[in-house]
Every structure is written in structure tokens, then in C-alpha cells.
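*Asks:* Have a look; sequence and predicted model below, questions after that.
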Amino acid sequence: VEASIPEPQREAWKRSQTSAFKSSDEFEKEVVRHVETSLARSMFNCDEKAAYSATSLAFRDHLILDWNKTQQRQTYRDSKRVYYLSLEFLMGRALDNAMLNVGLKDTAKAGLADLGFRIEDIIGQEHDAALGNGGLGRLAACFLDSLASLDFPAWGYGLRYRYGIFKQEIIDGYQVEVPDYWLDFNPWEFPRHDVTVDVQFFGSVKKVPNEQGKSVAVWEGGEIVVAVAYDVPIPGYDTPTTNNLRLWSSKASGGEFDFQKFNSGDYESSVAEQQRAETISNVLYPNDNLERGKELRLKQQYFWVAASLYDIVRRFKKSKRAWREFPEQVAIQLNDTHPTLAIVELQRILIDIEGLDWDLAWEIVTGTFGYTNHTVLPEALEKWPVGLVQHLLPRHLQIIYDINLFFLQSVEKQFPDDRDILTRVSIIEESQPKMVRMAHLAIVGSHKVNGVAELHSDLIKTTIFKDFVEIYGPDRFTNVTNGITPRRWLHQANPRLSELIASKLGSHEFLKDLSQLNKLELLVQDKEFKKEWAEIKFANKVRLAKYIKETTGVNVNPSALFDVQVKRIHEYKRQQLNIFGVIHRYLTLKAMTPAERKKQLPRVSIFGGKAAPGYWMAKQIIHLINAVGSVVNNDEDIGDLLKVIFLEDYNVSKAEIICPASDISEHISTAGTEASGTSNMKFVLNGGLIIGTCDGANIEITREVGENNIFLFGNLAEDVEDLRHAHTYGSHTIDPDLAKVFEEIQKGTFGSVHDFSAMIAAVKDHGDYYLVSDDFHSYIETHTLVDEAYRNQEEWVVKSITAVARMGFFSSDRCIYEYADGIWNVEPLPRRD
Ligand code: 7GP
């Protein structure tokens, strides 16, 4: 690195490379300096917000030095880089993570205490960076943490939304969405006003002969929107490697506004163009597992993809290598189909701008891209109307047609007698209107396609992408089971458990090699250890109970069994099954004599999660949960035996409080619908057990932790189709216990009979697509088993420890090694020269 600094500056650079601070005294000095100079405030009125800002700036100084060095080293070594393209990065808070990854949290804690602050209060000042919806966005964030922690040269590319996912308020039991303006003061981003890319939209294509007389396409006219880079440092844990997340922000070209219009007195329309350009990166689409096909969304996708590829290509060209070496230097991972236009854009750059032959260009393209699929739900598979693509990106549509032509020609050769296969696999769907199938384009343009858990990867091969397995052979398809970063989801969220584990294993190494947890199994009979383990769980429940009291006003007993379901609200995730089960429990308790009731195990059912603003049924589910809560929580017959809580505005920082506090959590999707799930992993890693269906990663969690340490129920994926068929064409009887639940709702016990009628009709009259009735009995029975198991606390703790000990596989570090090896062909960079 040093050698890359020019002579005249080298000495001064070396002198400046001392770390920002080491002791708590030095830290305090830095905080005070930042309050007074960077923030231009006096220590005389330094409140928690100012202390947060100054603490962040002090840590940021730390990261920047490592970040610069990492980037210099990576450039200097010129090794292959990974680019992770994702429309969502659900990062959560950065300060706590930075303190732990740098290893100076205790130093900061002491320093802040000296200055009169509690570190938790300071950490609590930070606004979550919520640039994502749910699983897909949080996975991207975990992957960035692992890539940096394992010293891989890797960049994330995304959009810098002005508004992240909305803030959820619950008013009279209903979800209300409030915009989340989060950029007020964000010390974690660096605007790079000098790193900009012009992105073109609309216009037309003409063919002109080049110098060799060959006809080339020229895309001209239309409008230009400027992409401005904002960089976010991503610190690795216990390593100086600090990678970069580059987020693009849109702005009008030609400066602030159109001076000509301004001077001619048309002030309003001169500002209008600027506003139109800025709309592109304005807001995150709030849908999880659903595509709405909005024009602005397609604009976002191309804007982000074009800027990112320009940046990647610019970096590659600096190395002066031959184009065919591109895939040896660059691996681009497509996080779902949202960035699929990158395939077309790279082909366009290579043939139209760099003048390469189609075939060589295409070889480079397919060698570069990998595509991860995150869902089999048909409503989430992206399709864009051909007319819209034509209008917005005329040249890209031509290239898509050419890609499709060559692809279909090769398929025709391979299967000369099968006309139908051409229709099925075509990138263009011959519907009214015609549509571009983005998943088909992503498969054709990538060298590897992966699912995110074994069942899911099998399902895509046998259902939605079956024909492509026939065409390309099974090797193009692979599985990388999801994982989570143990740094945030154990060390940061559950510091006491992390310390207990470290004290038993002799170090914190398990945080970078999670398989070491297996040594805990030797301790399952250690009385003292089990006691501490149980105490930590209890303390985490007390913390959550306090939070519940503060936010909802409801008192919950921390000794009760805490039963948690937090995730986006979706019919396939079946929060309705959960709340119907809760009502069933309530009715059962009500029917008991007081003496019988005394023998029952107290329970707290905790829900949390956002519904997409346009998803009416999901909003009704939220309403029912709240309505049940207000009846049950105020029923004196019931008291502590059952409480129903809906936690408002579930997000990453709330998950950090919730996950460590569960006894049992619910992962109860209709079999075959949840691609993987990742909160299941977070809960088990924190010593909670799970009740779940044989779906997604639950299956692999079961294989790892053992059938005795998980509560599985419900129909299997292979039977779902037949059951659905039977609902529609056979006689469909509702489970009798569920029928009683429905009667109670329809009596008006929980108010709003009208509001809830559609939820009931979905099960009774509209074919019960999600198999709520089919699984109800086994769900209720399994909850009875949970109660019984929980009564034996000794055994429960053994299950909890055993499960944690066997969770090593679910570290996102393992995922990254699998991607690096099987898809990207990249290696970590040794940390020091
Ligand atoms: C989610 C899947 O629903 C979840 O099962 C998985 O764990 C997660 O991705 C990470 O792989 N999918 C989405 O969040 C999503 O919106 C549609 O998928 C593109």
C-alpha cells in the first residue's frame, strides 16, 4: 500500500496513519473535539443526540483509515472482485456494529460513562438504515458483513433511497404508514460528488456503419439523469478489511435547474425537471414477495444497474487488461431478478461501445453473472411489458430480442420435435400485452443460478425452471443455503450469551468460525452453565417485557412462555394460522373452571411485522391480531395466562431485542412457499426453539439440531398440490376446532365482524390456498407438546443449548465461502502486505 502513495506525499501519509484513538481518554478527547468542531456545538449543551453523532464520527475516523487502505490494497493487488447488486440493503444501525467490529466498544463505554452517558442510550439514538423490506434485504446486509470479515474484495451496489421502508404505526388496531425520512444526519455515508454517471432513458436507436463498414447501433436522444455515488464503509469483524457499499442517488443533469427556463420566468417547470430526476431514488417499493410492475420501479432498476456497471467497467479498464479477462477480474451477483438488466447493459457496452463481437461479448457476460432466486411465488416473479421496455430502453429491448433469438435457436436444435418448450422458455411471453420474463433472462445470462435452501433449490429445478435444467443440464443450478452473521445476531444482540460462550470456549474465535459452537455440547450436563444459560434468557425476556410495557402499556410476565412471530405479514407466512390458534387457546381457557385454569402454562404471543400498504388481506390480519389482543389482555378470567402483543414497526434494531427473548418462535409457512427464512436461524442461535413447518431452511435446521430439539408440524410440500386440488374439486370440510374459532369471530367477540369476514372466507369459501384448515389440528397439537416440554425447564435448557451448539452451519460466513468457491471463483486477500 505504502508504495502506491506518490513520493512527495508518502512521508506525511505515513505520519497520519496512526489509529484514531486507543484508550478511553483519547476517545473522550475525540468526542469532545467532534462535538465542538465537526458539529459546531458546545459541550455546554451536549445532549444524547450530539453525543451519538460525535461518537459515530470518532468511530468513522477509525473506519475511514482502514477503508482507504483496504481500497488501495485491493486496487494495487488487482485481484478479482465480487460485486453484489441488490435493490435492498437492510443494514439497521451502524454504530454498535462498528464498535464491536473494531473491538473498541468497552473503550467507548467507559469513555461515554465518564462523559455522563449510558452507551445503550447513545446507541439508541441512531435511526435504522432501513433500505429493504425483509429477508432479501437483510440477507444482503449479512453477506456484506461476512465478505468484509473474511477479507474478500467485495463491493455492494444499491440505491440511496431518500425514504426507506415506511414506519408502521398502529392506530385503533389498524396499520398506518408514515414516511421514514432517515437522512437528516447520517455520519455513515460519504457523498462522492465527483463520482457521477450519466444515465440515459428513452430516445431512439439508429444503425450507422462504423470505420470497418460494419453496422452498429447508436442509442441517441431521450433524457439524462445523473447518478451520484454515496459510499458507506463496511467494517469486517476483527480485521482491518473495510469494504465499500456504494449507493446511487439521482439528480437532474445540467445543474440545479434549467437556467434558460428560469430566466424566461418559468421557474416552476425549471424545478420540475429536477424533481422528476430526483424521484428515481426517492422511495423504496414497500412490497415483499410481490412485484407491481410500476414504470418508476423499472426506471430505478436501470438507473442503478447502468451506474453500477459503468463504475465496474471503468475500474476494469484502468487495469488495461484484455476484455476476455473480464470474468477473471469481475464477478457480479444478481440478488434476485431486480438487477437483471445488468446482463443486457454489459452486452450493450461490449458490442455497441467497445466494439466486441456478439459471441465474445456474450461469453464474457455469462462468465460474469450469477443469479440468486429468492422465491417461487408466482406473484413475485418479475415481468415487464415489452412496450414499456421499448419506450424506456429501446436499445436494450433489441438486445433482449437478439439474446432470445440465439437462445431459442439453440433450444430448437437441441429439441427439434418440441415446439412447446420454445414457448415455455422464451424470454418473451407471448401474452397480451407481451412481457419480458426477467427470471428467464437472468438464467440465460448467468453461469450459475442458485436457490437459498435445499428444498427451495430442488423446487426451482423441478417446477418453475424445470425446462432450463433440461436445456443447460443440472450443473447450472446449485444451492447455497442462507445464513446470518453471528456478529450482529449473537455478539451484538445478545452480549451476555456471547460472553458466556466465549468464557467456555476460551475465546471469541467462534464468532468467525461458528462451527466451534459444537464444543458447547460437552457442557449440556454442567449445572452451573445451564443455570447461567437460563438466567441470560430470563434477563433477555425481562428486557423485552420492559420494552412491551413502554410501547404498548401491557404488563407481561417474563416467566410466561414467550411465543414470537416477527416477519413481514403475508398470507403464505400464515400469521392468520397463528392468531386463529391464539383464539383457540383463549376459548379453551375460557371454557375451564378456575381450578383447571390454575394448572395452565402462561403464554405471551408476540407478533410484529409490516404489511405492504396495498396488501389489504395482510392489513386485516394485523387488525385481527390487535383486536384479539384488546379483548384477551383485558379479560380478568385470563390474567397472565394469555397475553397477545403486536409490536409496532418491526425492524432490524427491534429484532435485536426480540430474537434473544423468545422461548419459541413461529416459522409456519405453507410447505413449499418460504424459500428459506432467516429469522428462524436468528432465534435458534439465541437459544430459542422453533415451531415450524417442513419448509425452507427449517428442514436443514432440523437436520442439524435434531428432531428432538424442534417442533415440526403440518403437511409436506409434496402434498400441497393435491390438497389444493381437493379443496377446489372435492368436498372441503373445515377443521372443527377452527370452525369454532370462526364462529367466535363472527359472533363479534373481537369487534368488526365485517373486516374479518374475508379472512374466514379465504379458508371456508375460496379454496384455502394456504392450507390453514388442513394444518390447524396438527398446529394446535404441536403447541400442546410445546407447553408440555416447557414445563420441564431442565430438559428445555438442554434442548436450547444443544440446538445452539449445532447451529454452526447457519453462519453467513459459510454461505460466502460457498459462493466464493462454487460461483464467483474468488479468494480472500491476505490482510497485510
Ligand atoms: C425472501 C424469502 O421469502 C425468504 O424465504 C428468504 O429467506 C429471503 O428472501 C432471503 O433469501 N424473499 C424476499 O424477501 C423477496 O422479496 C422476492 O423475494 C424477490
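*Replies:* Nice, thanks for sending it over.

*Asks:* contacting residues around whichever residue of the stretch 451-600 of the chain sits closest to the ligand?
*Replies:* Residue of the stretch 451-600 of the chain nearest the ligand, by Cβ to the nearest ligand atom: residue 452 (4.0 Å). Yep, even glycine has a C-beta here, placed from its N, CA and C like the rest. By Cβ atoms under 8 Å, 6 or more residues apart in numbering, the contact list for residue 452 reads 139, 372-374, 479-482, 675-676, 696-697.

*Asks:* Also residue 283?
*Replies:* Counting by Cβ under 8 Å, 6+ apart, residue 283 touches 161-163.

*Asks:* related to what we said a few turns ago, how about the nearest residue to the residue of the stretch 451-600 of the chain closest to the ligand, chain neighbours excluded?
*Replies:* Nearest non-adjacent residue to residue 452, counting by Cβ to Cβ, 6 or more residues apart in numbering: residue 676, 4.2 Å away.

*Asks:* neighbours around the residue of the stretch 701-833 of the chain at minimum distance from the ligand, how many?
*Replies:* Per Cβ to the nearest ligand atom, residue 815 is where the stretch 701-833 of the chain lies closest to the ligand, at 10.0 Å. Residues near residue 815, counting by other Cβ atoms under 10 Å, number 22.

*Asks:* That one and residue 483 touch, don't they?
*Replies:* Yes: when contacts are counted by Cβ atoms under 8 Å, residue 815 is listed as touching residue 483 (4.3 Å).

*Asks:* Common neighbours of the two, please.
*Replies:* Jointly contacting residue 815 and residue 483 under the rule Cβ under 8 Å, 6+ apart are residue 146.

*Asks:* Would you confirm that residue 565 contacts residue 577?
*Replies:* No: counting by Cβ under 8 Å, residue 565 does not reach residue 577; the two are 9.6 Å apart.

*Asks:* shared neighbours of the two, anything?
*Replies:* With Cβ under 8 Å, 6+ apart as the test, residue 565 and residue 577 both reach residue 668.

*Asks:* in the protein, which ranges drop under the pLDDT threshold?
*Replies:* Within the chain, the segments meeting pLDDT under 70 span 18-19, 255-262, 832-833.

*Asks:* Let me see the domain layout of it.
*Replies:* For the chain, automatic domain parsing gives the domain ranges 1-73+98-126, 78-93+128-481+819-824, 490-810.

*Asks:* mind checking the end-to-end distance for the shortest one?
*Replies:* Between the opening and closing residues of domain 1-73+98-126 we find a distance of 34 Å, counting by Cα to Cα, to the nearest Å.

*Asks:* Does the residue of the chain most remote from its centre belong to a helix, a strand or coil?
*Replies:* Most distant from the centre of the chain: residue 213, at 49.1 Å, with distances by Cα atoms, centre = their mean. Following DSSP: H, G, I helix; E, B strand; the rest coil, we place residue 213 in the coil state.

*Asks:* for it, phi and psi?
*Replies:* phi 80, psi 0 (degrees, to the nearest 10).

*Asks:* Quick check: the gap between it and residue 407.
*Replies:* With distances taken as Cβ to Cβ, to the nearest Å, residue 213 is found 28 Å from residue 407.

*Asks:* what do you get for residue 137?
*Replies:* 31 Å.

*Asks:* Pick out whichever of the two has more residues nearby.
*Replies:* Taking other Cβ under 10 Å, residue 137 and residue 407 do not tie; residue 137 has more neighbours (24 against 21).

*Asks:* what about that one, which helix or strand?
*Replies:* helix 135-149 (DSSP states H and E).

*Asks:* for the ligand, what are the nearby residues on the stretch 601-750 of the chain?
*Replies:* 674-678, 696 (Cβ under 6 Å from any ligand atom).

*Asks:* What about the residue lying closest to residue 425 once chain neighbours are set aside, how many residues nearby?
*Replies:* With sequence-adjacent residues excluded and distances taken as Cβ to Cβ, 6+ apart, residue 425 is closest to residue 467, at 4.8 Å. Burial of residue 467 is recorded as 18 neighbouring residues (other Cβ under 10 Å).

*Asks:* from what I can see residue 435 touches residue 384, true?
*Replies:* Yes: between residue 435 and residue 384 there is a contact under Cβ under 8 Å: 6.5 Å.

*Asks:* So which of these two has more stuff around it?
*Replies:* Taking other Cβ under 10 Å, residue 435 and residue 384 do not tie; residue 384 has more neighbours (25 against 20).

*Asks:* and the more buried one, bridged to which residues?
*Replies:* Counting by DSSP bridges, residue 384 is bridged to residue 436.

*Asks:* which ones are touching it?
*Replies:* Counting by Cβ under 8 Å, 6+ apart, residue 384 has contacts 293, 298, 435-436, 438.

*Asks:* let's go with 10 Å and repeat that
*Replies:* Residue 384 is in contact with 291, 293, 295, 297-298, 301, 340-341, 392-393, 397, 400, 434-438, 441, counting by Cβ atoms under 10 Å, 6 or more residues apart in numbering.

*Asks:* Buried ones from the residues you listed, can you make that a PyMOL selection?
*Replies:* The PyMOL selection below is limited to those of these classed as buried (16 or more other Cβ atoms under 10 Å):
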select buried, resi 291+297+298+301+340+341+392+393+397+400+435+436+437+438+441
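
*Asks:* Which members of the contacts of residue 384 occur in strands, if any?
*Replies:* Among the contacts of residue 384, the ones falling in strands (DSSP state E) are 435-437.

*Asks:* Just put those in TSV and tack on distance to the ligand.
*Replies:* Listed next are the ones in strands among the contacts of residue 384 as TSV, based on distance: Cβ to the nearest ligand atom, whole Å:
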residue	distance to the ligand
435	17
436	16
437	14
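
*Asks:* coming back round to it: and the one helix or strand the residue of the stretch 701-833 of the chain closest to the ligand maps to, what does it pack onto?
*Replies:* Per DSSP H and E, residue 815 falls inside helix 812-819. The elements that helix 812-819 packs onto, with contact taken as 3 or more Cβ pairs under 10 Å, 6 or more residues apart in numbering; DSSP states H and E, are strand 81-85, helix 135-149, strand 448-451, strand 477-479.

*Asks:* If we use 6 Å, what do you get?
*Replies:* helix 135-149 (3 or more Cβ pairs under 6 Å, 6 or more residues apart in numbering; DSSP states H and E).

*Asks:* and the helix it packs on, is it in reach of the ligand?
*Replies:* Yes: Helix 135-149 lies within reach of the ligand by Cβ under 6 Å from any ligand atom, at 135-136, 139.

*Asks:* Mind giving me the packing neighbours of that helix?
*Replies:* Using 3+ Cβ pairs under 6 Å, 6+ apart: helix 135-149 touches strand 89-92, helix 812-819.

*Asks:* change it to 8 Å
*Replies:* strand 81-85, strand 89-92, strand 154-159, strand 223-235, strand 242-252, strand 330-335, helix 812-819 (3 or more Cβ pairs under 8 Å, 6 or more residues apart in numbering; DSSP states H and E).

*Asks:* Now for residue 527, how many residues are close by?
*Replies:* What residue 527 shows, counting by other Cβ under 10 Å, is a neighbour count of 8.
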